[in-house]
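Build me a model from this:
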Amino acid sequence: MKKKEKKFKLFTRGANDYIIFIVVMLLLALGIIMVLSASAPSSLSESGNSYKYVQRQVVAALVGLVVMFVLSTVDYRIYKKFKWIIYFGLVALLVLVGFIGIDAGGAKRWIIIAGFNFQPSEIAKLGFILFFAAILSDIKEKNKIKDIRQGCWYPIAFLFPIFFAIFIIQNHFSTTFIICMVTVVQMFIAGTRISHMIITALMAIPFLIAYIYKMGSGSDGGAGFRETRIQTWLDPFADPTSGGWQIIQSFYAIGSGGLFGVGLRREQTKIFIFTRTTQ
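Next up is the predicted model:
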């Protein structure tokens, strides 16, 4: 019994990691089921195979699990030694999008390397968390976390190259916003004074107003498409076949299945009926 407990603890790295592991696996399983439910009809119509997209999702999930288990065996303190490599590597990768990125929907966010299509900003989310944690750890070790310059302005300064690369080059406001919010949470957990963060936020208001004015003007493609998205959100039926398509379909889904859906059995029946009508 003791040997089994030791093996189990080695696998889960303790009770807290065990809970996280279970939550991750449940979310992963739910995500795969949702992909199957949502993509089966269109996948069948396009390729004659209902499982085309879910198979791709399962392969990606398996690769992710392997990477997760490998990284779980590495002491997290090792990443701190490579914080500058991580940071400058992320900035370089994000700037690279401006040169070899793919234009789509008014933004340039994807690149293809060795036949693999991916979004560097997604890598940046995780990489910047590791880098920022290392920076805040260094500041806290020097007992400077309560100082507005060292504990607030200094770490925030590292946001500007990331902000420029993601927001200006890639035109990716949502990821920029997520990274900024995660940064604020990390600073709060590290012990940065809330008053210092509020003062800094107030200083940033003029830049925020300038951005809103630019977005509202719609004078260029970068700002105009965001204004269009807001207008589509307010009135999706004004453009039912293009911008408002997904929102309208969500209305239909809630109308037919309610908040909890129609269930997998009825969904499978719908897929079967769709198959028969398209043959």
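
Return the per-residue confidence for Asn117.
Looking at Asn117, its pLDDT reads 76.

List the residues that contact the closest residue to it other than its chain neighbours.
Nearest non-adjacent residue to Asn117, counting by C-beta to C-beta, 6 or more residues apart in numbering: Trp110, 5.9 Å away. Using the backbone N, CA and C atoms, a C-beta is placed for each residue, glycine as well. By C-beta atoms under 8 Å, 6 or more residues apart in numbering, the contact set of Trp110 is 97, 101-102, 104, 117-119.

May I ask which helix or strand encompasses His196?
Using DSSP states H and E, His196 sits within helix 194-217.

if we can go back for a sec, among the contacts of Trp110, which pair sits farthest apart?
Greatest spacing in the contacts of Trp110, by C-beta to C-beta: Ala104 and Phe118 (13.6 Å).

quick one: which of those two has more around it?
Neighbour count, other C-beta atoms under 10 Å: between Ala104 and Phe118, Phe118 has more, with 12 against 9.

pretty sure the more buried one is touching Ile111, no?
Yes. Counting by C-beta atoms under 8 Å, Phe118 touches Ile111, with 7.0 Å between them.

how far away is Ala92 from Ile198?
Going from Ala92 to Ile198 by C-beta to C-beta, to the nearest Å gives 33 Å.

can you give me the helices for the stretch 151-279 of the chain?
154-157, 159-163, 173-190, 194-217, 221-234, 245-257, 264-278 (DSSP state H, counting those that start in this stretch).

Using PDB, write out every CA atom in the helix holding His196.
Taking Å, rounded to 0.1, in the frame of the first residue of the first chain, the C-alpha atoms of helix 194-217 are listed here in PDB:
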ATOM      1  CA  ILE A 194      -2.700  48.600  -4.800                       C
ATOM      2  CA  SER A 195      -2.400  52.400  -4.400                       C
ATOM      3  CA  HIS A 196       0.700  52.300  -6.700                       C
ATOM      4  CA  MET A 197      -1.200  50.300  -9.300                       C
ATOM      5  CA  ILE A 198      -4.100  52.800  -9.100                       C
ATOM      6  CA  ILE A 199      -1.800  55.800  -9.600                       C
ATOM      7  CA  THR A 200      -0.200  54.000 -12.600                       C
ATOM      8  CA  ALA A 201      -3.600  53.300 -14.100                       C
ATOM      9  CA  LEU A 202      -4.600  56.900 -13.700                       C
ATOM     10  CA  MET A 203      -1.500  58.000 -15.500                       C
ATOM     11  CA  ALA A 204      -2.400  55.600 -18.400                       C
ATOM     12  CA  ILE A 205      -5.900  57.100 -18.900                       C
ATOM     13  CA  PRO A 206      -4.800  59.600 -21.500                       C
ATOM     14  CA  PHE A 207      -3.300  56.800 -23.600                       C
ATOM     15  CA  LEU A 208      -6.500  54.800 -23.200                       C
ATOM     16  CA  ILE A 209      -8.600  57.800 -24.300                       C
ATOM     17  CA  ALA A 210      -6.300  58.200 -27.400                       C
ATOM     18  CA  TYR A 211      -6.800  54.600 -28.200                       C
ATOM     19  CA  ILE A 212     -10.600  54.800 -27.900                       C
ATOM     20  CA  TYR A 213     -10.700  57.900 -30.100                       C
ATOM     21  CA  LYS A 214      -8.600  56.000 -32.700                       C
ATOM     22  CA  MET A 215     -10.900  53.000 -32.600                       C
ATOM     23  CA  GLY A 216     -14.000  55.200 -32.900                       C
ATOM     24  CA  SER A 217     -12.700  57.100 -35.800                       C
END
